[in-house]
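Enquirer: Provided below are the primary sequence and the corresponding predicted coordinates.
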Amino acid sequence: MSLFDAVELENRQRAQPLALRMRPRSLSEFVGQQHFLGEGKLLRRLIKADRLTALLFYGPPGTGKTTLAHLLATETRCRFRQLNAVTSGVKDLREVIESARDVLSAEGLRTLLFVDEIHRFNKSQQDALLPDVEEGTVILVGATTSNPFFAVNSALVSRSRVFEFKPLSPEDIKSLLTRTLADKERGLGTIAVHLHDAAADFLAQTCDGDARQALSALEIGVLSCDEQPVEFTLELAAESVQRKAIQYDRDGDSHYDSASALIKSIRGSDPDAGIYWLARMLEGGEDVRFLTRRLVILASEDIGNADPQALPLAVAAMQACEFVGLPECQLTLAQTVAYLACAPKSNAATVAIGEARHDVREGRTLPVPVHLQDAHYSGANRLGRGVGYEYAHDAEGGVASQDYLGIDREYYRPVNRGFEQELAQRLETIRARLREARDSGKGEQDS
């Protein structure tokens, strides 16, 4: 390397952000993801056995997907080539694969192809990878923030091992901050910095497991101070962190996972958790109509007649949100979530319609009993339609001793909670009278 080359390299490195300079150079420096990279875990065993073929790295930003792809190329002594699915087309893909094929034939050297945002490739682009992945021409490592089982072609998923990256823990982030402050070559070790414990805790919590965010805040705080040693206090940490960007994709995992958490929290009668997930979705820009639809569904699905006011309240919230709009309708949503979470729960109606529809689909189709058939047209009497029907309002208690189904089947089973407790007691009396009519009908048939 000439003097000019050394100067140019130093200039380029000086321009690099701290997060890039501190990228691990070996697996021993890699932080986090021990659930698949720890000793004895699957990816570690694949590396040792040199059996990498196709991998899909799935997880939030800043968790090490790109970094680990670089390290895998180093560990397996492969050429590293990178494409971004947003800016690359089939032509770029073919050029990389042709080059990989030539190098493999001439030098016996394999190529690790890292495709960032691989879910952005269309079906034909993803399919173009399959033959060379199967033949071992390239080791494919695809990275995505979207669930690959939804966002990536099933043919490619079936040929790949999927590794889910988790956000780094606060302990991982703090160890990375400590290492950065001690590293004189790539980090901030040439600057005297006293990182307060409260500041380290703050950065570790607010970065949401994203190493890039934590290192960027550390770099801004240290380099913006004129005096040394730098007292990196909690106040300095707060000033160095931008307003947190909510990681939320209205069409991706965040949308469905947060909606699931909201519904399950309300179903589980936890208003605090319900309010939090509501806030998370609102901050992420969730569609208010989607939220109100889910609350209306939940009012019937999970509360039902245990609290008959739940459904009218949810419907009223839907109408109010449509009329008022954001930001004020967040108050209506919060009120509704809190009420539904605290309401007594019953899925008796949900179970009832599920069982009845199953019987309709799979069981014998029951004929409408003659006495229940329509008798309002000319000639119905001659066919015997409606004969024997008892008008319920004329019966004692408004319940006639009459068979309405033709078989003994109970779908609706009220729970012993809320208003359904009262319904259960009332239904016991009603069913006894209906059963009496059914049993007498059977006796007449037998005779």
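Expert: Received, thanks. Note that this is a predicted model, so its numbers are computed, not measured.
Enquirer: contacts only, for residue 169.
Expert: Residues near residue 169 by Cβ atoms under 8 Å, 6 or more residues apart in numbering: 32, 209. C-beta: built from backbone N, CA, C; applies to glycine.
Enquirer: from residue 42, how far out is it?
Expert: Separation of residue 169 from residue 42 (Cβ to Cβ, to the nearest Å) stands at 20 Å.
Enquirer: what sits up against stretch 180-188?
Expert: By Cβ under 8 Å, 6+ apart, the list of residues contacting stretch 180-188 reads 18, 21-22, 179, 189-190, 193, 195, 215, 218-219, 222.
Enquirer: just the residues you listed: which are in strands?
Expert: 193, 195 (DSSP state E).
Enquirer: could you pull out the strands in the stretch 201-350 of the chain for me?
Expert: 230-232 (DSSP state E, counting those that start in this stretch).
Enquirer: which parts of it are helices?
Expert: Taking DSSP state H, counting those that start in this stretch to define them, one finds helices in the stretch 201-350 of the chain at 211-223, 234-240, 253-267, 271-283, 288-298, 310-324, 329-342, 348-362.
Enquirer: now swap in the stretch 51-200 of the chain and tell me
Expert: Ranges of helices in the stretch 51-200 of the chain, per DSSP H, counting those that start in this stretch, are 65-75, 90-107, 123-135, 148-151, 154-158, 170-182, 197-206.
Enquirer: which one of those helices lies closest to residue 384?
Expert: Across those, residue 384 has its closest neighbour in helix 148-151 (56.6 Å, Cβ to Cβ).
Enquirer: before we move on, back to that, most tightly packed of the helices of the stretch 201-350 of the chain?
Expert: Highest mean neighbour count of the helices of the stretch 201-350 of the chain: helix 211-223, a mean of 22 (counted as mean count of other Cβ atoms under 10 Å).
Enquirer: using CSV, write down the CA coordinates of that one.
Expert: What follows is helix 211-223, C-alpha atoms only, in CSV (Å, rounded to 0.1, in the frame of the first residue of the first chain):
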residue,chain,number,x,y,z
ALA,A,211,-27.3,-1.0,18.1
ARG,A,212,-27.0,1.7,15.4
GLN,A,213,-29.3,4.1,17.3
ALA,A,214,-27.4,3.6,20.5
LEU,A,215,-24.0,4.1,18.9
SER,A,216,-25.2,7.1,16.9
ALA,A,217,-26.5,8.8,20.1
LEU,A,218,-23.2,8.0,21.9
GLU,A,219,-21.1,9.5,19.0
ILE,A,220,-23.3,12.7,18.8
GLY,A,221,-23.0,13.2,22.6
VAL,A,222,-19.3,12.7,22.8
LEU,A,223,-18.2,14.7,19.7
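Enquirer: pass me the low-pLDDT residue ranges in the stretch 251-400 of the chain, would you?
Expert: With pLDDT under 70 as the threshold, the stretch 251-400 of the chain has low-confidence stretches at 251-253.
Enquirer: change it to 80
Expert: Filtered on pLDDT under 80, the stretch 251-400 of the chain yields the residue ranges 251-254, 363-365, 377-384, 386.
Enquirer: picking up where we left off before, select, from the contacts of stretch 180-188, the two members most distant in space.
Expert: Maximum pairwise distance in those, criterion Cβ to Cβ, is 17.9 Å, between 21 and 195.
Enquirer: which of the two has more neighbours?
Expert: residue 195 (23 against 17; other Cβ atoms under 10 Å).
Enquirer: give me the number of residues near the closest residue to the more buried one other than its chain neighbours?
Expert: Leaving out its chain neighbours, the residue that sits closest to residue 195 by Cβ to Cβ, 6 or more residues apart in numbering is residue 232, at 4.6 Å. Other residues lying near residue 232 total 24 when counted by other Cβ under 10 Å.
Enquirer: hmm, back to that, of all the helices of the stretch 51-200 of the chain, which lies closest to residue 323?
Expert: helix 148-151 (34.6 Å).
Enquirer: what residues of that closest one count as buried?
Expert: Neighbour-count burial for helix 148-151, counted by 16 or more other Cβ atoms under 10 Å, picks out 148, 151.
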